[in-house]
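In: Here is a sequence with its predicted model. Questions after.
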Amino acid sequence: MSILVNENTRLLVQGITGREGSFHAERCKTYGTNLVAGVTPGKGGETVLDGVPVFDSVREAVDSTGANVALIFVPPPFAADAILESADAGVPLVVCITEGVPVRDSTMVMRYLEDKPVRLLGPNCPGLITPGAKAKIGIMPGNIHLPGKVGVVSRSGTLTYEGVDLLTKRGIGQSTCVGIGGDPVSGTGFVDVLAMFNDDPETEAIVMIGEIGGTKEQEAAAFIRENVRKPVAALIVGQTAPPGRRMGHAGAVITGKAALASEKMRALEEAGCRVIPTPADIGATVADMLG
Amino acid sequence: MKLHEYQAKQLLAAYGVPVPENYVASSGTEAAEAAERLGGTGVVKAQVHAGGRGKAGGVKVAASPAEAAEIAESLIGSTLVTFQTGPQGVPVHQVLVEQTMDIDRELYLSITTDGGRRRPVVIASAAGGMEIEEVAQTEPEKVLTESIDPAIGFQPFQGRRLAAGLGLPPAQIRPFSALVDACYRAYVEKDSGMIEINPLVLTNDGQLLALDAKMDLDDDALFRHKAEAGLRDATQDDPLEVEASEAGIAYVKLDGNVGCMVNGAGLAMATMDIVKFAGAEPANFLDVGGGAAEDKISHAILLMLSDPNVEKVLVNIFGGILRCDIAARGIVDAYGRADRQPTLVVRMLGTNVDEGKQILAESGLTATMVDTLEEAAAAIKG
């Protein structure tokens, strides 16, 4: 029915008593996510959001509640430590929303995770959602989603909402939507998510939303060509961005020829993807692809 | 955050990277004094945040202190236009006066982080003094790389491997390895995103020296580098971009006449694409960010309107963390305060969209309200 998160998801939120953390934890819970615990060092023993227990450490939270997904809202200077704490406690999926984590910290975190059975999503990502299981682990508006069979993977936040909204308005539901984030060094990438969608019996087609900069889309294209047996529609934004200018996402820099939108679109087309011509065409292209 | 050459050299020298003797000068007199200390001659280099200085006339050899003063006076206060600056150029406020060198070989050395490998990587090439992208295109076999395990750092065997690949004489292998290690320690400890030494020179008397140095620091890590945060030179950037950055707004000025205000970088790029496909030209990239408040929205619009080329404004908000009613109040506030009111097209969707539309309707503003990207494109064209 989905990848990564489902009916068995038991969510813990790190930074649950902060402004962002409490706001979004509440929205995840309202959507239907099984929110079992919060962690804020020094506030253990309190309860928030109608009975969600707060713990001093991730290990205590996991021992007491069986939490299996961590969602992180702690400020940038402390985000790496929060990820490492969850990894150390054996949480298999860690989702870091925090924007502005130093690249050096992300590099050390990824080195630590190399030989551990822990998957990191982000940092600087909107999270992920499985509408059919009412599992929303992130900051996306829940109400635009519709349960269904299209997997969505994207580097962007609000552009993903745009894409999902266009799908839902045509009655095309989603199995799981995953925002991998735009930082130069991050955890889960396009290829990881494409592989999971490919193996998920309930996902019938995939929508991939990429951007200018880097070579992540080319790596995805190579993987799709070799391995993916399901139809893939792909959009690349930044087609009109001038070379050499930084456009907000640290990752979205046109560095060499490979980073150009035209090169990425060509690689995806050659891999057998349906290239979505403009952002307004996401719904129409996918509808046409599904027939 | 970019550093000037002289700042990068001071920082790297503190880690043990050999650099030629040099002095910073802010006037002709200071430049003459510097040349005097260097034995009467020196290379005078404009300090700007851009490459391509040599070809643009920003690097000149002075044969005497008087000539050093003359060159410094012609450069300081001028605007240097290089292939990296755009036609507006960048202002020169200081020059670096540096010892001249008898050069045997020019090499290339840099450290950056490879997002694909998720590790720092050292890049070296025997083709120094050239653009590394060009070398990578035309002679890829000349580009050597060593990926560094952040758990243990740069290792001597990697230094030997690079030195062998560069064809360095045996006596230079250890100094080269130590130089790369010093750069790597500076890269890590200062949270750098890139250190580039081009050229790294081998002098006729067998010394390795960083003849030029470019370095940038991760803005997100400046909270733990208070001293380095003070090295910022805001005069090197577009004033509107500086103002935006201080307000937490991602803004890049472009050449068109359609101002675009959007939440989220990906959606902002998508909006620019839509504008361009409709046959119009975006005046800017602007991502107002996630949890923006009313005053930040207003600030973003006023900032965008201060670009005289903006004749139309397209606001595209997908309310998530950012609520549409907050965005609408910001728009109304900005248009109330602006000295001109360009044609306004608003596309809002998501959280509190009805409240947002109502606020705009009741404000008396003349705005074209649209619901989809196609309608936005049509309204901008029309």
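Out: Nice, I can see it.

In: Find the nearest non-adjacent residue to residue 17, please.
Out: No chain specified, so I'll use chain A. In this structure, residue A:17 finds its nearest non-sequential neighbour in residue A:40, 4.4 Å apart by CB to CB, 6 or more residues apart in numbering or on different chains. Heads up, the C-betas are built off the backbone N, CA and C, glycines and all.

In: Can you look at chain B instead?
Out: Nearest one to residue B:17, counting by CB to CB, 6+ apart, is residue B:182 at 4.8 Å.

In: And residue B:119, by the same measure?
Out: Once flanking residues are discounted, residue B:119 sits nearest to residue B:147: 5.0 Å by CB to CB, 6+ apart.

In: Residue B:121 too?
Out: Among residues not flanking residue B:121 along the chain, residue B:114 sits closest, at 4.5 Å (CB to CB, 6+ apart).

In: before we move on, what about residue B:374?
Out: Of all residues not flanking residue B:374 in the chain, residue A:280 sits nearest, at 5.0 Å (CB to CB, 6+ apart).

In: The helix or strand that residue A:161 is a member of - contacts with which helices or strands?
Out: Using DSSP states H and E, residue A:161 maps to helix A:158-169. Under the contact criterion of 3 or more CB pairs under 8 Å, 6 or more residues apart in numbering or on different chains; DSSP states H and E, helix A:158-169 touches strand A:147-154, strand A:174-179, strand A:205-211, helix A:282-290, helix B:265-277, strand B:312-319, strand B:343-350.

In: These into TSV, with extra columns for mean neighbour count, mean pLDDT and distance to residue B:127?
Out: Converted to TSV, the helices and strands packed on helix A:158-169 look like this (neighbours: other CB atoms under 10 Å in any protein chain shown; pLDDT from 0 to 100; distance: least, CB to CB, whole Å):
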stretch	mean neighbour count	mean pLDDT	distance to residue B:127
strand A:147-154	24	97	39
strand A:174-179	28	98	40
strand A:205-211	26	95	31
helix A:282-290	18	95	44
helix B:265-277	27	93	34
strand B:312-319	26	94	45
strand B:343-350	22	93	50
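
In: So which of those is nearest residue B:76?
Out: Set against residue B:76 and scored by CB to CB, the helices and strands packed on helix A:158-169 come closest in helix B:265-277, at 37.3 Å.

In: Could you check the angle the closest one makes with strand B:343-350?
Out: Per axes from the mean of the first three to the mean of the last three CA atoms, to 10 degrees, the angle that helix B:265-277 makes with strand B:343-350 is 140 degrees.

In: Quick one: name whatever helix or strand follows helix B:265-277.
Out: Sequence-wise, the next helix or strand downstream of helix B:265-277 (DSSP H and E) is strand B:284-287.

In: Can that next one be said to contact chain A?
Out: Yes. Interface with chain A: strand B:284-287 contributes B:285, B:287 (CB under 8 Å from any CB of the partner chain).

In: Beyond that strand, next helix or strand please.
Out: Using DSSP H and E, the helix or strand that follows strand B:284-287 towards the C-terminus is helix B:294-305.

In: Output the contacting helices and strands for that following helix.
Out: helix B:239-246, strand B:250-253, strand B:258-262, strand B:284-287, strand B:312-319, helix B:324-337.

In: okay if I get these as a markdown table plus distance to residue B:186?
Out: As requested, the helices and strands packed on helix B:294-305 are arranged in a markdown table below (distance: least, CB to CB, whole Å):
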| stretch | distance to residue B:186 |
| --- | --- |
| helix B:239-246 | 25 |
| strand B:250-253 | 28 |
| strand B:258-262 | 37 |
| strand B:284-287 | 31 |
| strand B:312-319 | 41 |
| helix B:324-337 | 42 |
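
In: Could you pull up the residues touching residue B:220?
Out: Counting by CB atoms under 8 Å, 6 or more residues apart in numbering or on different chains, residue B:220 makes contact with A:76, A:100, A:101, A:102, A:103.

In: Show me what from the stretch 151-300 of chain B comes close to chain A.
Out: Applying CB under 8 Å from any CB, we find that the stretch 151-300 of chain B lies next to chain A at B:151, B:188, B:191, B:193, B:218, B:220-221, B:223-224, B:250, B:252, B:254, B:262-277, B:282, B:285, B:287, B:290-291.

In: so, in contact with chain B or not, the helix or strand harbouring residue A:29?
Out: Residue A:29 belongs to helix A:19-31 when assigned by DSSP H and E. Yes. Residues of helix A:19-31 contacting chain B under CB under 8 Å from any CB: residue A:20.

In: Show me what secondary structure element comes after that helix.
Out: Sequence-wise, the next helix or strand downstream of helix A:19-31 (DSSP H and E) is strand A:35-39.

In: Please save the CA atoms from that next one in PDB.
Out: Coordinates of each C-alpha in strand A:35-39 appear next as PDB, following Å, rounded to 0.1, in the frame of the first residue of the first chain:
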ATOM      1  CA  LEU A  35       1.900  10.100  17.500                       C
ATOM      2  CA  VAL A  36       3.200   8.200  20.500                       C
ATOM      3  CA  ALA A  37       5.900  10.400  22.100                       C
ATOM      4  CA  GLY A  38       7.800  13.600  22.200                       C
ATOM      5  CA  VAL A  39      11.300  14.300  23.200                       C
END
